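Participant: One predicted model, sequence on top.
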Amino acid sequence: MSDAATSHLPGEAVSRYDLTGRRGTDYYAVFADVADADLDAWKNAQTLIDEVGARMQGAWDAAEFPIDLLPRMGELGLFADGIDDPDLPASSPLAAGLVNMEVSRGDGSLGTIVAVQGGLALRTLALYGSPEQRERWLQPLFRGDVLGAFALTEPDHGSDSVSLETVARRDGDEWVLRGTKKWIGNGASGGVTFVWARVDDPDAAEHGSVRCFLVEQSLPGYTGTVIPGKASLRAIHQAHIALDDVRLPLSAVLPGTKSFKDASTVLFATRSGVAWSALGHATACYEAALSYATQRVQFGKPLAKFQLIQERLTQMLDDLTGMQLFCRRLADLEASGGLRPTQASLAKYHNTRAARRVASTARDLLGGNGILLENGVMQHMADIEAIHTYEGTESVQALLLGRDITGMSAFV
């Protein structure tokens, strides 16, 4: 029976609640002085969400990856991600953060697409690629015409990815890659994958070093299989990748990569993006809860008039404002060149934990309506679980910070 057919019956004065609209929450005016160029990037992200927000709910529910949206994201400049490169449009750390925040506020899978395509793949090429690699792939990746993947994590090596076992050996005028990767966004999309591997050549000076290789996914021996059954970020496909003696020309190696520290440089940059993404998710949950509190009537008055509800909204605003302050300071430090890796770790550590609290409180405040995908909160709550883990788990961030503040390493 349709909503219209039941609207005249007792017991259902409101059949649907309008909870996904943008409310512009900024209690401390953290973003009141955003420069025009950064504001334009933010508006472009808002444009995307306004265009595809409703579609993404269905894609998330069906676990469908909307590959066709990437060129539109490229057209809007959403893959710039603060990368400082003369062949890419200028993008400040604040602009990159605002894009991450806004896209994630609309849909976490789209936020991860931005992080993978721009933050990981495009950044790796911009930082370390040869002139020939850049000439062929930089603009197609930026435009979203070709999908890019970043393959570091392995089935047996997540938090200890420094121990990666995928190997690259020389065979005449070719490199041969052998190994496995897991949780690789865009890794089964038909594009290109930046594969990190350890050189296995005892006679070479670089034996044991970690290099990155540009691999076209159509090459023989490359198999990317979509990982099924995810309950988080369902509208982007992550892949389990098998590299079974994939043969590459010598020119496939990115010449700027020499060690694992080069991979860490990329991850350090994207860790800031995760903090911004968490802020976007938390903003969506808080604003949905606030909207619901003003629309939902119980015991003869809006929920917003109850003391307990006002306290919960205040708790959420407290967390949200702290997240905004973390992110703005993070962008300012990065713009000045003064951001240290552990400062990015602290922002990620704080913001994903705070986003979890906000989402949990919002879901509870919505009662039974909180589990409906149409109301947004449950989807964001599930997606936060993924960003809480990737780019370094909570425990790893804590150990990085602990080592920094004590001068003693607790890593085994």
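Facilitator: Here it is on my side, so go on. Numbering: from 1, shown residues only.
Participant: For the rest of this, base every contact and every neighbour count on C-alpha atoms.
Facilitator: OK.
Participant: Relative to the whole chain's centre, how far out is the helix or strand encompassing residue 274?
Facilitator: Residue 274 is part of helix 260-295, with elements assigned from DSSP states H and E. Mean C-alpha position of helix 260-295 versus that of the full chain (Cα atoms, centre = their mean, to the nearest Å) differs by 8 Å.
Participant: Check which helices and strands it sits against.
Facilitator: helix 93-106, helix 108-114, strand 301-302, helix 307-336, helix 341-365, helix 377-389 (3 or more Cα pairs under 8 Å, 6 or more residues apart in numbering; DSSP states H and E).
Participant: Which neighbouring elements make contact with the first one?
Facilitator: Right, the one you point to is helix 93-106. helix 36-62, helix 108-114, helix 260-295, helix 307-336.
Participant: Tell me where the model's unsure across the stretch 1-150 of the chain.
Facilitator: 1-7 (pLDDT under 70).
Participant: same thing but at 80, please
Facilitator: 1-8 (pLDDT under 80).
Participant: where exactly do the helices run in the stretch 101-250 of the chain?
Facilitator: In the stretch 101-250 of the chain, the helices defined using DSSP state H, counting those that start in this stretch lie at 108-114, 123-128, 131-143.
Participant: Distance to residue 411 and mean neighbour count added to these, as TSV?
Facilitator: Shown next, in TSV, are these (distance: least, Cα to Cα, whole Å; neighbours: other Cα atoms under 10 Å):
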stretch	distance to residue 411	mean neighbour count
helix 108-114	28	27
helix 123-128	27	22
helix 131-143	36	17
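Participant: Out of those, which gets nearest to residue 77?
Facilitator: With Cα to Cα as the measure, helix 131-143 is the member of these nearest residue 77 (7.7 Å).
Participant: Mind listing residues that contact that closest one?
Facilitator: 70-71, 73-75, 77, 79-80, 88, 117-118, 122, 125-126, 146-148 (Cα atoms under 8 Å, 6 or more residues apart in numbering).
Participant: And for stretch 55-66?
Facilitator: 107, 109, 233-237, 373-374.
Participant: still on that earlier bit, closest to residue 250 out of the helices and strands packed on helix 260-295?
Facilitator: helix 108-114 (29.5 Å).
Participant: Please indicate which of the contacts of stretch 55-66 are buried?
Facilitator: 107, 109, 233-237, 374 (16 or more other Cα atoms under 10 Å).
Participant: Farthest-apart pair in those, please.
Facilitator: Maximum distance among the buried ones among the contacts of stretch 55-66 (Cα to Cα): 21.6 Å, for 237 and 374.
Participant: Tabulate the helices of the stretch 101-250 of the chain (a markdown table), appending distance to residue 281.
Facilitator: A markdown table is the format used below for these (distance: least, Cα to Cα, whole Å):
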| stretch | distance to residue 281 |
| --- | --- |
| helix 108-114 | 7 |
| helix 123-128 | 24 |
| helix 131-143 | 25 |
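Participant: Tell me which of those helices sits nearest to residue 188.
Facilitator: Per Cα to Cα, nearest to residue 188 of the helices of the stretch 101-250 of the chain: helix 108-114, 13.4 Å.
Participant: Near the residue lying closest to residue 277 once chain neighbours are set aside, how many other residues are there?
Facilitator: Distances taken as Cα to Cα, 6 or more residues apart in numbering put residue 101 closest to residue 277, at 4.8 Å, once the chain neighbours are dropped. For residue 101, the neighbour count with other Cα atoms under 10 Å is 30.
Participant: With residue 346 as the reference, measure out to residue 101.
Facilitator: 17 Å (Cα to Cα, to the nearest Å).
Participant: tally of neighbours for residue 173?
Facilitator: Residue 173 - counted by other Cα under 10 Å - has 10 other residues nearby.
Participant: quick one: the closest residue to it other than its chain neighbours from residue 190, how far?
Facilitator: Distance criterion Cα to Cα, 6+ apart; nearest residue to residue 173, sequence neighbours excluded, is residue 250 at 6.1 Å. For residue 250, the distance to residue 190 (Cα to Cα) stands at 22 Å.
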